[in-house]
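Q: Dropping a prediction and its sequence here:
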Amino acid sequence: MASIQLTRILLSCKLSTNIALSSRTCCSFRRTRQLDFGPLLKRNFQNRKLTAIRSEKSGNEGSISSAIEGEENSGSISSPVKPGLMLGIDRDDSGSVIGLNLIPGDNEAIDTEVVSTVTKVKDEEIKKEKIETRVTYNIVFVTAEAAPYSKTGGLGDVCGSLPIELASRGHRVMVVSPRYLNGTSADENFARVFDANRCIKLQCFGGEQEIAFFHEYREGVDWVFVDHPSYHRPGNPYGDSHGAFGDNQFRYTLLCHAACEAPLVLPLGGYTYGEKCLFLVNDWHAGLVSVLLAAKYRPFGVYKDARSILVIHNLAHQGVEPAATFKNLGLPSNWYGALEWVFPTWARTHALDTGEAVNILKGAIVTSDRILTVSKGYAWEITTVEGGYGLNQLLSSRRSVLTGITNGIHIAEWDPSSDEHIAFHYSAASLSGKVQCKTALQQELGFPIKPDCPLIGFIGRLDYQKGIDLIHWAIPELMEDDVQFVMLGSGDPLYEDWMRSAETTYRDKFRGWVGFSVPISHRITAGCDILLMPSRFEPCGLNQLYAMRYGTVPVVHATGGLRDTVENFNPYAGEGRGEGTGWAFSPLTKDCMLNALKTAIRTYRDHKSTWEGLMRRCMQKDFTWENAAIQYEQVFEWALIDPPYIM
């Protein structure tokens, strides 16, 4: 037994303590580990003892009980007392006693076992009292599209899903995008959006432009829509069948000005977001936000604590217009240099063309506090001559603030165990439904029902970026093999016509679905054995992530996010079990693509158990938005460490 003597003298307490030490081991103490003797201090216990007992009989080694002299305590056993520890008092600012702590006395070594016995408090109760704390931010996404309200590609998916994930992690999130009305059923997407009763006037394009705000609160996110007549027209967000809209610079300049005002003027949920915001600026359409913060707001003390983070989804689109349009952007004249762009001689239209222009994405790269891309591979590619589209040197100079984060996917929408668009459900634990989905797809497409025939799919735009020309050249040779091929997409009319004619030429082997359908894309993803993606460049890519989620093995060009997410298959790794999730071929040639496809086909036909392992590894990959959101939070933290951009 060890005893502690407490003596009360007059109005103050002087505490002396002696603890018998069975061994001498050095240890340290933290003031936060205090003994809660408050109730004892309130009692009048002059000439009494507080005794710490370690009972060998009960087996409760480390328990503490109190024995006050004159009271019965059958479990206490006296032992010699030696100098060891002093019991000190902790007081708050008012002088009130709030607890006691152990202080080594006379430089004596301390028995760690006895000390832990005296200082141990009920750990489980402490754990219950602990509350997880996380830094939260006011986040404002500015984007030209956000699913399900508007979508033409991956940008809409990202800005429709990532804000919801960030909101679920405790952040306050606003998404600002245009209110597109085109006179079709797509207008129903805005059916639950209400007028926010807030109209403002913006100074740009030579005068005042009046816009209104609409709002919907959904899944923890404030979805804010900028309303103006220029957003009400047939076509997609950027153009129609005749090409891109000629006033896109005007339309997205309005969006940027409105997005800067929204956190200041919209009392969403009863109060505004205020000036301390993190703006996530997506592609060139929103790029002017970063420039406006630096040129229009911070010089006057507004948004001095805000930060802007540029997210590059596709560097090929930069918002380049003639230099004469700079005066329309609502920027001070001395900021022309931030957006100045001069085309090389070979890119000019005629001998008198000086090549002078304004480049909105360039201005965003210069003025943003951090820069993100949608994969690590793409973050490197855009700093190269081949992938930088003329901005590689500028991006290389900002490499220290450039980060790549792979996109996630909406796992509730893309889940083969519950997908409402497919006839049969399956999972990595039970793959039988995958075979049934393939049979159902063959029936729907009018193919012969051949379970052992590899079914290859392509989903995407029919344009040069997606490598559609390689597929065009490779189809005659590929059709000589016993395979089936289905394509879904729209774009270049020449390739749309080619798909229709190939369907006639290869009646039992090829199908081309011109257009786009969400249910059909799900059924192709579930029913195919192989997904082909020969993209020339792919910042992230989502179709390969969807395919892996459904056990459809991807064959891709090793570029950007495709290289990051598809691990090359190695049949000899893992003690013969194999490793990898598909095939990533390089260089981008027809022969190289065909070699990768033929290897995948042979593996499918001749090594069924190996193929099943490939499918399961694909389905077990974690590409959730939660992983991406954690990495975004790290970038937010970095952005706030450095001061904001000020010229």
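A: Received, thanks.
Q: so where do the helices sit in the stretch 501-647 of the chain?
A: In the stretch 501-647 of the chain, the helices defined using DSSP state H, counting those that start in this stretch lie at 518-527, 543-549, 560-565, 590-606, 608-620, 625-641.
Q: Distance to residue 282, mean pLDDT and mean neighbour count for those - can I get that in a markdown table?
A: (Glycine included, C-beta is placed from N, CA and C.) Below are these laid out as a markdown table (distance: least, Cβ to Cβ, whole Å; pLDDT from 0 to 100; neighbours: other Cβ atoms under 10 Å):
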| stretch | distance to residue 282 | mean pLDDT | mean neighbour count |
| --- | --- | --- | --- |
| helix 518-527 | 22 | 95 | 22 |
| helix 543-549 | 19 | 96 | 25 |
| helix 560-565 | 16 | 95 | 25 |
| helix 590-606 | 31 | 96 | 17 |
| helix 608-620 | 29 | 94 | 17 |
| helix 625-641 | 13 | 95 | 17 |
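Q: Mind checking these for the one nearest to residue 572?
A: For residue 572, the closest of the helices of the stretch 501-647 of the chain is helix 608-620, at 10.9 Å, according to Cβ to Cβ.
Q: What lies in contact with that closest one?
A: By Cβ atoms under 8 Å, 6 or more residues apart in numbering, the residues outside helix 608-620 that reach it are 416, 427-428, 431, 434, 547-554, 569, 571, 577-582, 603-604.
Q: give the contact list for residue 511.
A: When contacts are counted by Cβ under 8 Å, 6+ apart, residue 511 touches 445, 446, 447, 485, 486, 487, 503.
Q: between the helices of the stretch 501-647 of the chain, which gets nearest to residue 331?
A: helix 625-641 (22.6 Å).
Q: circling back: mind giving me the ChimeraX command for buried ones among the contacts of helix 608-620?
A: In ChimeraX syntax, the buried subset of those is picked out as below (16 or more other Cβ atoms under 10 Å):
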select :416,434,547,548,549,550,551,552,553,554,569,578,580,581,582,603,604
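Q: Which ones among the contacts of helix 608-620 lie within strands?
A: The members of those that map onto strands under DSSP state E are 553, 554.
Q: and residue 183, how far is that from residue 235?
A: Distance, residue 183 to residue 235, by Cβ to Cβ, to the nearest Å: 10 Å.
Q: Give me the more crowded residue out of those two.
A: residue 235 (16 against 10; other Cβ atoms under 10 Å).
Q: right, and that one touches residue 243 too?
A: No: contact criterion Cβ atoms under 8 Å: residue 235 and residue 243 do not qualify, at 9.8 Å.
Q: per the record, what domains does this structure have?
A: 138-408+631-641, 413-622 (the TED database).
Q: centre of the chain versus the one helix or strand residue 256 maps to, how much separation?
A: Assigned by DSSP states H and E, residue 256 belongs to helix 248-265. On the basis of Cα atoms, centre = their mean, to the nearest Å, helix 248-265 sits 24 Å off its chain's mean C-alpha point.
Q: C-alpha coordinates for that helix, PDB please?
A: What follows is helix 248-265 as a C-alpha-only set of coordinates in PDB (Å, rounded to 0.1, in the frame of the first residue of the first chain):
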ATOM      1  CA  ASN A 248     -19.800  33.200 -74.500                       C
ATOM      2  CA  GLN A 249     -17.300  35.700 -73.200                       C
ATOM      3  CA  PHE A 250     -20.200  38.000 -72.200                       C
ATOM      4  CA  ARG A 251     -22.200  35.100 -70.700                       C
ATOM      5  CA  TYR A 252     -19.400  33.900 -68.500                       C
ATOM      6  CA  THR A 253     -18.100  37.300 -67.500                       C
ATOM      7  CA  LEU A 254     -21.600  37.800 -66.100                       C
ATOM      8  CA  LEU A 255     -21.300  34.600 -64.200                       C
ATOM      9  CA  CYS A 256     -17.900  35.600 -62.600                       C
ATOM     10  CA  HIS A 257     -19.100  39.000 -61.500                       C
ATOM     11  CA  ALA A 258     -22.300  37.500 -60.100                       C
ATOM     12  CA  ALA A 259     -20.300  34.800 -58.300                       C
ATOM     13  CA  CYS A 260     -18.100  37.400 -56.500                       C
ATOM     14  CA  GLU A 261     -21.200  39.200 -55.300                       C
ATOM     15  CA  ALA A 262     -23.300  36.200 -54.200                       C
ATOM     16  CA  PRO A 263     -21.500  35.500 -50.900                       C
ATOM     17  CA  LEU A 264     -21.900  39.200 -50.000                       C
ATOM     18  CA  VAL A 265     -25.600  39.800 -50.900                       C
END
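Q: buried residues in that helix?
A: Neighbour counts over helix 248-265 (16+ other Cβ under 10 Å) mark 248-263 as buried.
Q: Toward the C-terminus, what is the element adjacent to it?
A: Once the chain leaves helix 248-265, the next helix or strand it forms, by DSSP H and E, is strand 278-282.
Q: That next one - contacts with which helices or strands?
A: Identification of packing neighbours for strand 278-282 by 3 or more Cβ pairs under 8 Å, 6 or more residues apart in numbering; DSSP states H and E yields strand 138-142, helix 154-168, helix 283-292, strand 307-312, helix 625-641.
Q: what ranges do the helices span in the stretch 351-500 of the chain?
A: Using DSSP H, counting those that start in this stretch, helices in the stretch 351-500 of the chain cover 360-367, 376-381, 392-397, 432-445, 468-478, 493-505.
Q: In a markdown table: these, plus distance to residue 404 and mean pLDDT.
A: Formatted as a markdown table, these follow (distance: least, Cβ to Cβ, whole Å; pLDDT from 0 to 100):
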| stretch | distance to residue 404 | mean pLDDT |
| --- | --- | --- |
| helix 360-367 | 15 | 97 |
| helix 376-381 | 3 | 95 |
| helix 392-397 | 12 | 96 |
| helix 432-445 | 32 | 96 |
| helix 468-478 | 26 | 96 |
| helix 493-505 | 31 | 94 |
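Q: out of those, nearest to residue 298?
A: Nearest of the helices of the stretch 351-500 of the chain (Cβ to Cβ): helix 360-367, 10.1 Å.
Q: Next, the angle from that closest one to strand 278-282.
A: Between helix 360-367 and strand 278-282, the angle comes out at 150 degrees (axes from the mean of the first three to the mean of the last three Cα atoms, to 10 degrees).
Q: Distance from helix 360-367 to the middle of the chain?
A: Relative to the centre of its chain, helix 360-367 is centred 22 Å away, using Cα atoms, centre = their mean.
Q: so what pLDDT did residue 9 get?
A: Note on residue 9: pLDDT of 38.
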